Structure formats: C-alpha cells, structure tokens
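> the sequence isn't on hand, but the structure is:
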DNA sequence: GGATAATGTAAGCATTCACTTACACAACGA
DNA sequence: TCGTTGTGTAAGTGAATGCTTACATTATCC
C-alpha cells in the first residue's frame, strides 16, 4: 500500500466552489469543464471525487443547508430572547441571503424533481430548514396567539424567504421593500407581537 | 399574394403544448426536437413560429399567467363577497395548482435570470400576479386589521403558494397538509378573520 | 390557370458536453 | 530501493442539440 487518499478532504475543500458555480449557472448550464476550471484542476480529477455531475450537484445541495444553518446559529447564538432571534433572522434573510445566491441551487434543483435522488436531497434540505425554523417559532410563540400552528408557520416563513429571493432576483423589490416584507409578514406569521415592533 | 399566413393562430394553438413540455422537463432539458414531436410537426416549422428556443420559453411564461388569471377570475366570478373569493383561491391553490404543474416553468426560469429577456418576462408575470392578489387583499381587508399592508400581504401570499407547490413537488406535505397551510397562513396574512373560519 | 407565398418533409451541420482513456510522475510502505 | 498506489496532464469520443438548408407540395389570389 502507498499514499493515503486525500479525496475526502479535497471534496470538502471544493464543495463551496462547486456550490457557487451551480448557483450561478444552474444545474444544466454549468459544465463539468467549467466546474473543473474553477476548482483549479482537470475534469478528470473531478470525476475521481464524485462519480458523476449529479453527485456534484447533490453535494452542493447538502452544502446549502449546512452553510445556512451554521450562519443562522451564529446569528442567534447571543440573542437575549427568542423574539430577538427571529427578528434577526428575518432581517438577515431579507438582506443577505441573496449575496451568496445559494437559493439558486434550489431553483435549479426544483426543475429536476423527477430525478428521485435530487428530489430526495432537496426534500432532506427542506425538512431540516423547516425543523430549524419550527423550533424557533415554538420558542417565540406566545400562549394566546391566534396564528398558524408552528409547523405551518415555519413553512410559510420559508415561502416568505423564497419570495424575498425571487423579488430580489427579478428586481421587483429593493432592499428596503424586502426588509419591510420580511418584518411585517414575518411578525404576522410568528404571532405574539405587532408588526414592526422589533428591529 | 397567396395563402394568408396562419402562423399567429398556430402559435396560439401550440403554446399550451409548449408550456406543458417546458413545465415537465425545464428549459434546458426540453429539446427542440421533443418540442416539435409533441406539437406534431417538424423542428423546422417550430422555428418559423418562434425565432429561437428562448422565445418559445418566454411565450410559455406569458401563458402561465394568462391561464392562471383566467382560472382565478372564473373561480371568483360568482363569489358573494371578497372573503369567499380569497378563501376559494387559497383552497384552489393548495389543491389544484400542482395538477398542471406550470409553476415548474417559473422554477426553470429562475435559473435563467441572468438573461435579461427571461428575467423581464418573469418579472412581468410576477407583477401581474401580485397586482391581482393585492386587489383581492384590499377588497378583503377589514379596517382595523393588524396585518401586513396589502402590497406586502400579496407578496407573502405568492410565497405561500410557492411553498405549497414546493412541498407538493417534494412530497413533504400531502393535500390535507397543504390545504391547512394555505388556510391558516393565508387567513393570517389576509387579516380580518380567524384562521379556519371559511372553507 | 399560373404566379406567388405558405406549408410539409428530410437531411445535415457545427458545436457542446458529460465522461473516458492513456500515460507520466510522485509519494508512501516494505 | 522497489513496487504499489494515488495524483496531474492531455487528448479524445460518441452522443445530443440548437438551428439551418434544400426542396417538394399545396393553397390562395389575380
């Protein structure tokens, strides 16, 4: 035997690059040649890291959740109370999510949902997001609120984030508009406080 | 002169077929050859109807709004009051929108937003949807409601419909779950009534 | 009925792209 | 040091695909 394999580590290093690339051009448009170029290696080597293009894409999908979750956790780590946590998240999603543009991977994936593997990867990602948000909603929620149950509120909030990204991508709402949207609709769905109370 | 051109009429006839095709496979995956096959004619003829594949796709985007708007208008034509209108729409979107699956065209388009033409077509479509819904919200809205302003509520409702489609496509919510989601979150965003009052 | 323009059919073409093969070199274990 | 195995480079390949060209046929108007 000779030379222990460093494929696993290399995969880890390159996933962000791969994810960015797919986010930028979508699944079909991003070619393996360009992917290799951005990773600073040959197509060949890419195929030693993942069996095919689809696997690279699925790895990118997984990465989207991991990165977002890490960012979110950091964002609310030092929040004094649940309401501050949710407010921060809403503000963050309105403003910064588009920066990285990883949501584009999701849109690209949603055009491929007839592939069971890709659909499963997306479903896993959404389930984790929804669970994360649901827990926040439960912590935030007042006892007497007449709002959707946390389970549903979490889905609605994901929809809110999605439409925020869409209006951003299509330039239908500017930063201020998206922030207002996330604040007002978000607080409405969260329940337990008037819109605009928290910043 | 001889033989008046029937291109315009043929375009009109074929757009639903084209739209279905793009919805099914996405923009990049649907080939012009397959498109022609489904339309029952040769690729060549397709290129006499539209200058290129992109134009076919953009026509499909426009069709999505036209069909949805027509369906919606019919749905609320005989509604006794605004609240019934909105309730019907929410219920319809939860259950039937996925049937046709046209929303997939939107997802496909959102992976192509760096093309100015496609982005403009999508933006036009969303603006019309948002206006349609906003007017409904304004009619529905009670005076004293503590809910997002109609402008924002309309966007949030679009987000709600989007997430309903996503959970459907990924099989994360069944029909009952999506209906509950649309009802509860929808009424919450609309304001002016308790969730679950209307069916 | 003949000229003109639209329609239908078939084949082709240049390019792109996912993926492969071949091979030289480098590193690690024995 | 030798042999095995991982890594880097280069070129290629077969299939798919957007779009075109060439040409025969048909319908309409004068």
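Now that the structure is in, tell me what you want to look at. Just so you know, these numbers come straight off a predicted model, no measurement behind them.
> specify the local secondary structure of the residue lying closest to residue A:185 once chain neighbours are set aside.
By the measure of C-beta to C-beta, 6 or more residues apart in numbering or on different chains, the closest residue to residue A:185 outside its immediate chain neighbours is residue B:156, 3.8 Å from it. C-betas here are computed from N, CA, C, even on glycine. With DSSP: H, G, I helix; E, B strand; the rest coil as the basis, the three-state label of residue B:156 is helix.
> how about residue A:74?
Per three-state DSSP, residue A:74 ends up helix.
> which secondary structure element of chain A has the lowest mean pLDDT?
Lowest mean confidence among the helices and strands of chain A (mean pLDDT, DSSP states H and E): helix A:97-100, at a mean of 59.
> that helix: what's the following helix or strand?
helix A:103-110 (DSSP states H and E).
> can you give me the buried ones in that following helix?
A:103-110 (16 or more other C-beta atoms under 10 Å in any protein chain shown).
> near DNA strand C, which residues of chain A? Just list them.
Residues of chain A lying close to DNA strand C (C-beta under 7 Å from any atom of the strand) are A:1-4, A:28-33, A:43-44, A:47, A:52-54.
> now these: which count as buried?
Counted by 16+ other C-beta under 10 Å, these give A:28-30, A:53 as buried.
> now for the residues of chain A next to DNA strand C: which two are most distant?
Spatially, the most separated pair among the residues of chain A next to DNA strand C is A:1 and A:29, at 41.3 Å (C-beta to C-beta).
> low pLDDT regions in chain A?
Along chain A, the parts satisfying pLDDT under 70 run over A:1-3, A:5, A:97-100, A:143-145, A:192-199.
> mind running it again at 80?
Along chain A, the model assigns pLDDT under 80 to residues A:1-6, A:94-101, A:141-146, A:191-199.
> quick one: the helices in it?
A:7-29, A:32-39, A:43-49, A:53-76, A:82-95, A:97-100, A:103-110, A:116-140, A:150-169, A:175-190 (DSSP state H).
> and the ones you listed: which comes nearest residue B:181?
Nearest of those (C-beta to C-beta): helix A:150-169, 4.8 Å.
> now residue A:166: how far from residue A:37?
30 Å (C-beta to C-beta, to the nearest Å).
> give me the more crowded residue out of the two.
Neighbours were counted for residue A:166 and for residue A:37 using other C-beta atoms under 10 Å in any protein chain shown; residue A:166 has more, 23 against 13.
> and residue A:38, how many neighbours?
Applying other C-beta under 10 Å, we find 15 other residues in the vicinity of residue A:38.
> and it, what does it touch?
A:17-18, A:20-21 (C-beta atoms under 8 Å, 6 or more residues apart in numbering or on different chains).
> can you tell me how far it sits from residue A:25?
11 Å.
> residue A:130 now?
In terms of C-beta to C-beta, residue A:130 sits 27 Å off from residue A:25.
> circling back: out of the helices of chain A, nearest to residue B:176?
Residue B:176 lies closest to helix A:150-169 among the helices of chain A, at 11.8 Å (C-beta to C-beta).
> name the helices or strands packed onto the closest one?
Using 3 or more C-beta pairs under 8 Å, 6 or more residues apart in numbering or on different chains; DSSP states H and E, the elements in contact with helix A:150-169 are helix A:82-95, helix A:97-100, helix A:103-110, helix A:116-140, helix A:175-190, helix B:116-140, helix B:150-169, helix B:175-190.
> need those helices in a markdown table (columns: distance to residue A:59).
What follows is the helices and strands packed on helix A:150-169, written out as a markdown table (distance: least, C-beta to C-beta, whole Å):
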| stretch | distance to residue A:59 |
| --- | --- |
| helix A:82-95 | 24 |
| helix A:97-100 | 16 |
| helix A:103-110 | 11 |
| helix A:116-140 | 9 |
| helix A:175-190 | 29 |
| helix B:116-140 | 27 |
| helix B:150-169 | 21 |
| helix B:175-190 | 30 |
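> ok, which of the ones you listed comes nearest residue A:62?
Of these, nearest to residue A:62 by C-beta to C-beta is helix A:116-140, at 6.6 Å.
> my guess is residue A:156 contacts residue B:161, does it?
No. Counting by C-beta atoms under 8 Å, residue A:156 stays clear of residue B:161, with 10.8 Å between them.
> who's more crowded, the two?
Set residue A:156 next to residue B:161 and count neighbours by other C-beta under 10 Å: residue A:156 wins out with 31 against 23.
> quick one, what contacts that one?
A:148, A:189, B:156, B:159-160, B:163, B:181, B:185, B:188-189.
> do that again at 10 Å, thanks
Shown in contact with residue A:156 (C-beta atoms under 10 Å, 6 or more residues apart in numbering or on different chains): A:133, A:137, A:147-148, A:185-186, A:188-190, B:156-157, B:159-160, B:163-164, B:181-182, B:184-186, B:188-189.
> what do you get for residue A:161?
A:68, A:89-90, A:93-94, A:97, A:103, A:129, A:133, A:182, A:186, B:159, B:163.
> and residue A:63, by the same measure?
A:12, A:15-16, A:18-20, A:22, A:102, A:105, A:125.
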